[in-house]
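# The following comprises the amino acid sequence and a computationally predicted model.
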Amino acid sequence: MKVIIIGGGIVGLSTAWALARSGHDALLFEQGPLPHAGGASYDQHRLIRLPYADQPGYCAMTVDALRSWGRMWDDLGESHYAEVGSLALSTEEGDWADLSRQTLDHLGLDYETLDAKQIEALCPFMTAPPEAWGLYNTTGGLLFASRIVDSLIRDLGRRGVTLRGETRVVGVDPGTGAVVLENGKRETADAIVVAVGAWTAKLFPETKRRAVPHRQVVAYMAPPEAHAESWAKAPVMVHLLNEVDIYAAPPAGGSELKFGCGQHRRPGDPDRLDPLGDNEAAEVASAFAPLLRDFADYKVLRGQVCPYAVSPDERFVTESNGPILLIGGCSGHMFKFGALMGEQLARTATGETSFKDFRLWAEGRHQTLTRA
């Protein structure tokens, strides 16, 4: 089968990889350069972690995602992953970390619970609230995002996959199975996979309330010298405070320390995102002040603006219309599923999986592990 893919981020590239390794003909269009540094997939790292509050479907998907990444590393001949584990903090019954613990129990997945002293022993740079307990998983860690994207582009080139950067698709015709390019030309295929992230509503305006483009800022940091070594050995961190959604990527594998804050995002046109403000990165970092020793000695290296499409319930948005298969509303948590999502999109586009089953899976509605 011939399949057109619109979007050259992690999902589009992974779909091309999955199609090519199954013997299908993939043609990928990306509106920007390849790699596209202005997209959501091109950054030093992205987190992959098992805790997922009360969403067992996405927790189970993470287990499967790790297997898919393993298949990709085998194909690429190199791994771009550091398994450093993950840590979340709970300070009250029923909060995010506590719900995550219940989900891990439901799925029979291993974890450790740490008291405040054990949290600080694991992360000496941290001051844990005395009532806090930690949900610690040895599984999970960092995906080195830009390295993965670069490696995939090289691999797809070796496989003979046609990658057409700087080529904007302005329309999709389900009746003829064609995409319309900005220059007026049309290209047809048996199936069309749309994975354009924050640009979803520009191609499909009917999704604008379910895949709302947002502007997110992250801060790259230099920790105090006294804490640099412990940060280099730290796990990835999610939901450390109930009042604000903060997360951290430790400086493993030659990367830098990154802080993020879920509340520091706002709607924005992905083609016209406001530039980084003078104090925005410092504002993101300031959310960590209650938890970090010697916080005044942390230095902001720079900030980075990322375009995301956010769905109201943070479940992935799926649509199907004839030969068109769409995935969107990634809400900042798609990258960890990149290889797996590519495999599932390839199977659905080529008819191996029904769209109904794909939608239930992509929305995290399945409750058990596949044990594949």
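All right, it came through fine.
# contacts, neighbours, all on C-alpha from now
OK.
# In contact with D115, which residues?
Each residue near D115 by C-alpha atoms under 8 Å, 6 or more residues apart in numbering is listed here: 132-134.
# any idea how far it lies from P250?
Plainly put, D115 is 21 Å away from P250 if you go by C-alpha to C-alpha, to the nearest Å.
# Confirm for me that A128 is in contact with L291.
Yes. If you go by C-alpha atoms under 8 Å, A128 and L291 touch, sitting 6.3 Å apart.
# So which residue is dead centre in the protein?
In the chain, the C-alpha nearest the mean C-alpha coordinate belongs to F335, at 2.5 Å (C-alpha atoms, centre = their mean).
# doesn't D43 make contact with that residue?
No. Using C-alpha under 8 Å, F335 is not in contact with D43, being 10.7 Å away.
# Keeping just the C-alphas, turn stretch 23-31 into PDB.
As requested, the backbone C-alpha atoms of stretch 23-31 are provided in PDB (Å, rounded to 0.1, in the frame of the first residue of the first chain):
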ATOM      1  CA  GLY A  23       6.900  -3.400   3.200                       C
ATOM      2  CA  HIS A  24       4.600  -0.500   2.500                       C
ATOM      3  CA  ASP A  25       5.300   2.600   0.500                       C
ATOM      4  CA  ALA A  26       5.500   5.700   2.700                       C
ATOM      5  CA  LEU A  27       5.600   9.300   1.500                       C
ATOM      6  CA  LEU A  28       6.000  11.900   4.300                       C
ATOM      7  CA  PHE A  29       5.300  15.700   4.000                       C
ATOM      8  CA  GLU A  30       6.600  18.200   6.600                       C
ATOM      9  CA  GLN A  31       5.800  21.900   6.300                       C
END
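# so how far is it from its chain's centroid?
Relative to the centre of its chain, stretch 23-31 is centred 21 Å away, using C-alpha atoms, centre = their mean, to the nearest Å.
# Then stretch 302-322?
Distance of stretch 302-322 from the chain centroid (C-alpha atoms, centre = their mean) equals 10 Å.
# which parts of that stretch are buried?
For stretch 302-322, the buried set under the neighbour-count rule, 16 or more other C-alpha atoms under 10 Å, comprises 302-303, 305-311, 314-318, 320.
# cool, stretch 177-186 as well?
Residues 177-181 are the ones in stretch 177-186 that count as buried (16+ other C-alpha under 10 Å).
# Could you list the low-pLDDT ranges of this protein?
Within the chain, the stretches with pLDDT under 70 are 367-372.
# Tell me where the protein has helices.
10-21, 56-76, 96-107, 116-122, 145-158, 200-203, 225-232, 280-286, 338-349, 355-362 (DSSP state H).
# circling back: let me have the buried residues of stretch 177-186 in a markdown table, extended by distance to G277.
As requested, these are exported to a markdown table (distance: C-alpha to C-alpha, whole Å):
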| residue | distance to G277 |
| --- | --- |
| G177 | 43 |
| A178 | 41 |
| V179 | 37 |
| V180 | 36 |
| L181 | 34 |
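# Could you check how far the closest residue to P312 other than its chain neighbours is from A349?
Nearest residue to P312, sequence neighbours excluded (C-alpha to C-alpha, 6 or more residues apart in numbering): R210, at 6.4 Å. With distances taken as C-alpha to C-alpha, R210 is found 22 Å from A349.
# Neighbour count: those two, which is higher?
Shown here are R210 and A349; by other C-alpha atoms under 10 Å, A349 has more neighbours (26 against 21).
# What sits closest to the more buried one if chain neighbours are left out?
Closest residue in space to A349, ignoring its immediate chain neighbours: A191 at 6.0 Å, by C-alpha to C-alpha, 6+ apart.
# Please tell me how far the one you found sits from P323.
Noted for A191: a distance of 5 Å to P323, by C-alpha to C-alpha.
# Double-check L340 against A65; I have them as touching.
Yes. Counting by C-alpha under 8 Å, A65 is a contact partner of L340 at 5.1 Å.
# Name the residue in these two with the higher neighbour count.
Higher neighbour count among L340 and A65: L340, with 25 against 21, using other C-alpha under 10 Å.
# I4: what's it in contact with?
Here I4 is in contact with 26-29, 188-189, 191-193 (criterion: C-alpha under 8 Å, 6+ apart).
# Tell me how far it lies from S311.
25 Å.
# next one: L27
In terms of C-alpha to C-alpha, L27 sits 28 Å off from S311.
# and if you look at D74?
To S311, D74 is 33 Å away according to C-alpha to C-alpha.
# Equivalent analysis for D294, please.
In terms of C-alpha to C-alpha, D294 sits 37 Å off from S311.
# Could you do A282 as well?
In terms of C-alpha to C-alpha, A282 sits 27 Å off from S311.
# Also L28?
Taking C-alpha to C-alpha, one finds L28 at 25 Å from S311.
# quick one, strands of the stretch 101-250 of the chain?
Secondary structure of the stretch 101-250 of the chain, counting by DSSP state E, counting those that start in this stretch: strands at 112-114, 133-137, 141-143, 162-164, 169-173, 178-181, 186-188, 191-194, 212-222, 236-238, 246-249.
# nearest to D95, of those?
Closest approach to D95 among these is made by strand 133-137 (11.5 Å; C-alpha to C-alpha).
# can you give me the angle that closest one makes with helix 96-107?
Going by axes from the mean of the first three to the mean of the last three C-alpha atoms, to 10 degrees, strand 133-137 is angled at 50 degrees with respect to helix 96-107.
# Tell me the helices and strands packed up against strand 133-137.
strand 86-90, helix 96-107, strand 112-114, helix 116-122 (3 or more C-alpha pairs under 8 Å, 6 or more residues apart in numbering; DSSP states H and E).
# ok, the third one: who's next to it in the sheet?
Here strand 112-114 has these sheet partners by DSSP bridges: strand 133-137 (antiparallel).
# Which residues does the strand it pairs with contact?
Contacts for strand 133-137 (C-alpha under 8 Å, 6+ apart): 50, 85-91, 97, 101, 110-116, 119.
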